[in-house]
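>>> Make a model of this:
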Amino acid sequence: MFWLSPLSMPREYSRITLEITDIRCERIKSISAGDCLAEGYESIGKFIDEWDRLNAKLGYGWESNPWVWVIEFKKVTEVEQQHDE
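Model prediction:
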């Protein structure tokens, strides 16, 4: 058996299809409480703790307020996929 990149997998075999709806650059401190919830965190405090755990040692802690890419997407339903084909 050999490995194939998921990029070469036919769409019909994917478990989920996502459509990018927006891409922008903003400062990390501009994230809202609702955005934190959408990211899976129960509060902005928990998000900040995790951000610092992952990024502070690299020089991109919460207090440095680095620029980040924000990528918004939506799940594409089967009906939408069939309509596009």
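>>> Low-confidence regions, this structure specifically.
The model of the chain has pLDDT under 70 over residues 1, 79-85.
>>> Could you check how many residues crowd around Thr17?
The number of residues packed near Thr17 is 15, by other C-beta atoms under 10 Å. All C-beta atoms are positioned from the backbone trio N, CA, C, and that covers glycine.
>>> in the sheet, who's paired with the residue positioned nearest the centre of the chain?
When C-alpha atoms, centre = their mean is applied to the chain, the residue found nearest the centroid is Ile71 (5.9 Å). For Ile71, the beta-bridge partners are Ile23 (DSSP bridges).
>>> oh, and call the first residue 31 from now on, that's how I've got it
Yep, numbering from 31; the last one is Ile101 now.
>>> wait, what's in contact with it?
Ile50, Asp52, Ile53 (C-beta atoms under 8 Å, 6 or more residues apart in numbering).
>>> Gly75: which of these is nearest?
Asp52 (25.9 Å; C-beta to C-beta).
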